[in-house]
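1. sequence? don't have it. structure:
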């Protein structure tokens, strides 16, 4: 899953920190990108072999280059959106959520961890995962799949329960 829990060592006060890191899933790694572009160029070049040495080649070549360039640009944009990162850090007193999006300022939310509740509701995506402290509501993991958001909501509910004690 594109999220990971980390238990940090207790600090000077004895408070145990738990961290949750979330990131968007990318199914095409950089090495796969190189192979994909190479195979695309090879297949797009096959029809050009039939017109090699004619003036038609120069008419088709810009369109073939434009197609490969468009694919390159589109995949690079998905890699850029994949740099989004959310971090949730909690102990028995505070909970802090930090979201980093490329090209945007860092957004941060901090509250008393005792009052935080995780919930799923209707929203811009299926199983919209939110955290609320009763005053403010924020989204979490909007880039996750509906099943991942549902599983994460259950994990967050258990984690918040452990923080509050028996």
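-> Cool, the structure landed. On a predicted model such as this, the values are computed, not experimentally measured, just so you know.
2. helix or strand: which one has the spatially most central residue of the chain?
-> The centre of the chain sits closest to residue 24, judged by Cα atoms, centre = their mean, with a distance of 1.9 Å. Remark: residue 24 resides in no helix or strand, with elements defined by DSSP states H and E.
3. for residue 160, see how far away it is.
-> Residue 24 sits 24 Å away from residue 160, going by Cβ to Cβ, to the nearest Å. No exception for glycine: its C-beta is placed from N, CA and C like everyone else's.
4. likewise for residue 100?
-> Residue 100 is 23 Å from residue 160, by Cβ to Cβ.
5. neighbour count for the two, which is higher?
-> Neighbours per residue (other Cβ atoms under 10 Å) separate residue 100 from residue 160, with residue 160 holding more: 19 against 15.
6. grab the nearest non-local neighbour of that one.
-> Leaving out its chain neighbours, the residue that sits closest to residue 160 by Cβ to Cβ, 6 or more residues apart in numbering is residue 116, at 5.9 Å.
7. counting neighbours, what do you get for the one you found?
-> For residue 116, using other Cβ under 10 Å, the count is 21.
8. how about the secondary structure of residue 52?
-> When classified by DSSP: H, G, I helix; E, B strand; the rest coil, residue 52 comes out as coil.
9. show me what the host helix or strand of residue 97 packs onto, helices and strands only.
-> Residue 97 belongs to strand 94-100 when assigned by DSSP H and E. When contacts are defined as 3 or more Cβ pairs under 8 Å, 6 or more residues apart in numbering; DSSP states H and E, strand 94-100 packs onto strand 85-90, strand 107-112.
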